[in-house]
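Novice: can't give you the sequence, but here's the structure:
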């Protein structure tokens, strides 16, 4: 079992030629509504790509909450641990995507901030019985760290995406088996700015020195650098034309943990994840862009 602890957001996506300057108004394309949130994205991707997945999170008692739960159910995610709270709206994200597929995102976390440490502790049995537990920083960070602590103490493989980034005491990395970071987050955690593959390697080694057992630094079109106990090296990504990079990192993480859970080697899991993420950026949206198993060439 893979258990994800994290956010659910309903995304409103608008495509623009370029991002506006402060005070500037631009015309955009039609508004696209899609299910998102880093926790839900990772759970969706892991389930669509073969994992048995549960999600611990919180949504409001509103139409967006209904839509997000149904979308997860369609790919087999166990949504029973998701709390529905009255008096708060489900999380929402406003996303701009430019002509190059890059994005700017503002998140109103809403019900995501209503998920409490007590809620997570009430699901301790699920966390302790899971082989892999995945978390991010779109819920209260105290909730994230408590979930990882409970899971790690029970022997689970723990995976953290520290985004949106908030500074933390590196001693907490003792609870983290895999730290999954993009170029910016890698520099924030390690203090080593990432500009290319060589600096990604240095940053990854610095993160492991801080206490994480293993780390992956995702590099967009350049793939990823993996620093692990069993394999270290650069995994290139397939060359594609990016349309929308929203959710690509979450797709990578979901694919990576799904393959680890299935018994793949670290190197094969990284190759699979790079392939999945590459396909995802050729499509719009976060969860709608996640490919199926049949679309990914496992031998690549």
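Specialist: Great, that's in hand. Since the model is a prediction, treat every value here as computed from it, not as a measurement.
Novice: Distance check, residue 189 against residue 272.
Specialist: Here the criterion is C-beta to C-beta, to the nearest Å. By it, residue 189 lies 24 Å from residue 272. Any C-beta I mention is one placed from the backbone N, CA and C, and that applies to glycine too.
Novice: what's the neighbour count on the nearest residue to residue 283 once chain neighbours are set aside?
Specialist: Nearest residue to residue 283 in three dimensions, chain neighbours excluded: residue 289, at 3.8 Å (C-beta to C-beta, 6 or more residues apart in numbering). By other C-beta atoms under 10 Å, 24 other residues sit near residue 289.
Novice: One more: residue 75?
Specialist: For residue 75, the neighbour count with other C-beta under 10 Å is 18.
Novice: Residue 50 is in contact with that one, correct?
Specialist: No: between residue 75 and residue 50 there is no contact under C-beta atoms under 8 Å: 10.5 Å.
Novice: Give me the contacts around stretch 258-269.
Specialist: With contacts defined as C-beta atoms under 8 Å, 6 or more residues apart in numbering, stretch 258-269 is touched by 2, 45-47, 49-52, 131-132, 157, 214, 226, 228, 230-231, 233, 235, 255-257, 272-273.
Novice: Return the subset of those residues lying in strands.
Specialist: Counted as lying in strands by DSSP state E, out of the contacts of stretch 258-269, are 2, 132, 157, 214, 226, 233, 235.
Novice: what sits opposite the fifth one in the beta ladder?
Specialist: Read it as residue 226. residue 216, residue 233 (DSSP bridges).
Novice: Narrow the contacts of stretch 258-269 to those that are buried.
Specialist: By neighbour count, with 16 or more other C-beta atoms under 10 Å, these hold 2, 45-47, 49, 51-52, 131-132, 157, 214, 226, 228, 235, 255-257, 272-273 as buried.
Novice: Model confidence at residue 299, what's the number?
Specialist: Looking at residue 299, its pLDDT stands at 40.
Novice: ok, now residue 29?
Specialist: For residue 29, pLDDT reads 90.
Novice: what sits against it?
Specialist: The neighbours of residue 29, taking C-beta under 8 Å, 6+ apart as the test, are 14, 15, 16.
Novice: isn't the second one right up against residue 97?
Specialist: Yes: counting by C-beta under 8 Å, residue 15 does reach residue 97; the two are 5.0 Å apart.
Novice: ok, those two, which is more surrounded?
Specialist: residue 97 (25 against 19).
Novice: what's across from that one in the sheet?
Specialist: residue 15, residue 103.
Novice: Now do it against residue 136, distance only.
Specialist: From residue 97 to residue 136 the distance is 21 Å (C-beta to C-beta).
Novice: same thing with residue 38?
Specialist: 4 Å.
Novice: could you pull out the strands for the stretch 101-250 of the chain?
Specialist: Counting by DSSP state E, counting those that start in this stretch, the stretch 101-250 of the chain has strands at residues 103-108, 132-136, 157-161, 178-182, 214-218, 224-227, 232-235.
Novice: The stretch 201-300 of the chain: helices as residue ranges?
Specialist: For the stretch 201-300 of the chain, the helices defined by DSSP state H, counting those that start in this stretch occupy 248-261, 266-280.
Novice: right, so the ones you listed: which one is the most enclosed?
Specialist: Among the helices of the stretch 201-300 of the chain, ranked by average contacts under mean count of other C-beta atoms under 10 Å, first place goes to helix 248-261 (a mean of 28).
Novice: if we can go back for a sec, right, so of the helices of the stretch 201-300 of the chain, which gets closest to residue 221?
Specialist: Of all these, it is helix 266-280 that lies closest to residue 221, at 8.2 Å by C-beta to C-beta.
Novice: just the angle between that closest one and helix 248-261, please?
Specialist: For helix 266-280 against helix 248-261, the angle by axes from the mean of the first three to the mean of the last three C-alpha atoms, to 10 degrees is 140 degrees.
Novice: roughly how far is helix 266-280 from the heart of the chain?
Specialist: In this view, helix 266-280 has its centroid 14 Å away from the chain centroid, taken as C-alpha atoms, centre = their mean, to the nearest Å.
Novice: and what of stretch 255-275?
Specialist: The answer for stretch 255-275 is 15 Å, by C-alpha atoms, centre = their mean.
Novice: quick one: terminal-to-terminal distance for that stretch?
Specialist: 9 Å (C-alpha to C-alpha, to the nearest Å).
Novice: related to what we said a few turns ago, right, so of the helices of the stretch 201-300 of the chain, which gets closest to residue 91?
Specialist: helix 248-261 (14.2 Å).
Novice: shared neighbours of residue 38 and residue 136, anything?
Specialist: By C-beta under 8 Å, 6+ apart, the residues touching both residue 38 and residue 136 are 6, 7, 161, 163.
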